[in-house]
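A.B. asks: The sequence and its predicted three-dimensional model are supplied below.
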Amino acid sequence: MEVQFLGAAQTVTGSKHLLTTVDGIKILLDCGLFQGKGSNEGDKNRIFNFNPASIDFIILSHAHIDHSGNIPNLVKQGFKGAIICTPATADLCEIMLSDSAHIQINDLKFINNRRIKRGEEPLIPLYDLDDVAQCLTQIIKVNYNQSYEVCKDVKLTFTDSGHILGSAAINIAFTENNITKHLCFTGDIGRYDGSILRDPQPFPQADYIIAESTYGDRLHSNKDMSEKELLEVVYNTCVTKKGKLIIPAFSLGRTQEIVYALDQLASKKKLPKINVYVDSPLSINATNIMRAHEECFNEDILEYMKKDEDPFGFNNLIYVKTVEESKSLNELKGPCIIISASGMIEAGRIKHHVANNIGNPKNTILIVGYAEPHSTGGKIRNGDKTIKIFGEEHQIYADVVVLDSYSAHGDYQEMIQYLSCQNKRKVKQLFLVHGEYATQVNYKERLLDAGFKHISIPAADDKIKLD
């Protein structure tokens, strides 16, 4: 078997790894969008450096857009095979891919207005709702720990990676010349002792591992410290400064983590009596899907739900649905909390909230997870003094606070803990993906110290034979 690293190679977004068997069967692990403001980003998403019609199967690790978001484009360009994922991932893809199509259409309105004024041809979306609808018909649902025959000599088992609802490590057993070998693509590795989801599950012994490395150079604070830090930010912004707390958060996972944390603070009567707005239709839909998949929850939240049936709802929590309601938040004068997508501030309603509030020193922008360095969120996180939103320059006078403890990605200790289920001597090759290169170099040294050997950091388009 051969593996080619087509995305998330020495970078974080655009997860896409192509397996080709000795019989010529082509299996794509993930098909995500490149995100951020790289100069070639548009072409990287629009143009595949392979024939989409030649792909036989997609195996999807989870529903985040940097892992799933370019599947409808692949379908549009000729992919007709099965898309294999867990049931929760399938449910989430229905809303997330539709939302991605809507965002592209809406955002291109602003971009194309400027292009037309400059005499340039308008851009068209990568895909539309019809393409999304078609790709949903190609999905096959496979439960965790269920053996599934993808094709002759290739079998699949999903194990829970604990990253978001439905997320999975992809475990593949492939037979060549009567010898069976095992490959694991970890997908994104979640947290241990998380608030909502189960811990990452040990995975079968692998000969080859394709492992994420997003936080390979840092540690997160623990859950108890997260609650204390969040409460401090709320009090400083909304009580002391009487300002607005703006939280860019991915609609899936991060938003529910923050809402659940605020729900717990409200239950303990620690939360100030201010309104909390979740301004993202996608977040509302994702929260409803989470409510329908309690089988993915850990024991702590299930126990909490015995006294609070809805961990994603409390007094003063308002889910904003309409555009008019969203716009009205800009007219609010008093303190409040606004949670809105996307986490990288690259799309959605959050762009308007940041643009309208980042110039006021009373306000705070709270970054609660990873943001690609070239994205708007990444620039705010990294301390830039100005940002551009909708083509306009904005001075950053609001406070900026970063709480990585709410990240859905494990830190380097948690990722090494996840890999510790393996007999290191039996791992022939460990490939690091889904991380910035400097971070991956750091993480590689930590893995070597932990006893792993034969670790490589593939570059984009590298091809490697799994002998």
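C.D. replies: In hand now; what should we look at?

A.B. asks: ranges for the strands of the stretch 1-150 of the chain?
C.D. replies: Using DSSP state E, counting those that start in this stretch, the strands found in the stretch 1-150 of the chain span residues 2-7, 16-20, 26-29, 57-59, 82-85, 139-141, 148-151.

A.B. asks: try the stretch 201-350 of the chain
C.D. replies: Taking DSSP E, counting those that start in this stretch as the test, the strands found in the stretch 201-350 of the chain are 208-212, 244-248, 276-279, 317-320, 336-340.

A.B. asks: neighbouring contacts of the fourth one?
C.D. replies: Going back to what we said before, that points to strand 317-320. Residues outside strand 317-320 that contact it (CB atoms under 8 Å, 6 or more residues apart in numbering): 259, 262-263, 266, 275-280, 283-284, 287, 326, 329. Glycine gets a C-beta too; all of them are placed from N, C-alpha and C.

A.B. asks: Check which residues of it are buried.
C.D. replies: Using 16 or more other CB atoms under 10 Å as the test for burial, strand 317-320 gives Leu317, Tyr319, Val320.

A.B. asks: Can you tell me which of the residues you listed is nearest Ile27?
C.D. replies: Among the buried residues of strand 317-320, Tyr319 lies closest to Ile27 (CB to CB), at 39.0 Å.

A.B. asks: Just want the angle from the lengthiest strand in the chain to strand 16-20.
C.D. replies: Ranked by number of residues, the top strand in the chain under DSSP state E is strand 168-176. Inter-element angle recorded for strand 168-176 and strand 16-20: 20 degrees (by axes from the mean of the first three to the mean of the last three CA atoms, to 10 degrees).

A.B. asks: What strands flank strand 168-176, and is each parallel or antiparallel?
C.D. replies: Strand 168-176 sits in its sheet next to strand 154-160 (antiparallel), strand 179-185 (antiparallel), going by DSSP bridges.

A.B. asks: What is the end-to-end distance of stretch 337-350?
C.D. replies: 12 Å (CA to CA, to the nearest Å).

A.B. asks: returning to what we had before: now the buried members of the contacts of strand 317-320.
C.D. replies: 259, 262-263, 266, 275-280, 283-284, 287, 326, 329.

A.B. asks: just these now: which is nearest Gln35?
C.D. replies: Ser280 (16.8 Å).

A.B. asks: mind listing the helices for the stretch 101-250 of the chain?
C.D. replies: In the stretch 101-250 of the chain, the helices defined using DSSP state H, counting those that start in this stretch lie at 129-137, 223-234.

A.B. asks: about what we covered before: same list (the buried residues of strand 317-320) but as CSV, adding distance to Arg118 and pLDDT.
C.D. replies: Output for the buried residues of strand 317-320, formatted as CSV (distance: CB to CB, whole Å; pLDDT from 0 to 100):
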residue, distance to Arg118, pLDDT
Leu317, 44, 96
Tyr319, 39, 95
Val320, 35, 95
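
A.B. asks: Need the per-residue pLDDT for Ile111.
C.D. replies: The model reports Ile111 with a pLDDT of 80.

A.B. asks: picking that back up, can you put the strands of the stretch 1-150 of the chain in JSON lines and add mean pLDDT, mean neighbour count and distance to Arg446?
C.D. replies: Converted to JSON lines, those look like this (pLDDT from 0 to 100; neighbours: other CB atoms under 10 Å; distance: least, CB to CB, whole Å):
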{"stretch": "strand 2-7", "mean pLDDT": "98", "mean neighbour count": "22", "distance to Arg446": "21"}
{"stretch": "strand 16-20", "mean pLDDT": "98", "mean neighbour count": "23", "distance to Arg446": "23"}
{"stretch": "strand 26-29", "mean pLDDT": "98", "mean neighbour count": "24", "distance to Arg446": "24"}
{"stretch": "strand 57-59", "mean pLDDT": "98", "mean neighbour count": "25", "distance to Arg446": "28"}
{"stretch": "strand 82-85", "mean pLDDT": "98", "mean neighbour count": "22", "distance to Arg446": "31"}
{"stretch": "strand 139-141", "mean pLDDT": "98", "mean neighbour count": "17", "distance to Arg446": "36"}
{"stretch": "strand 148-151", "mean pLDDT": "98", "mean neighbour count": "16", "distance to Arg446": "33"}
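
A.B. asks: Export those as TSV, with columns for distance to Phe250.
C.D. replies: Formatted as TSV, these follow (distance: least, CB to CB, whole Å):
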stretch	distance to Phe250
strand 2-7	19
strand 16-20	19
strand 26-29	21
strand 57-59	22
strand 82-85	18
strand 139-141	21
strand 148-151	28
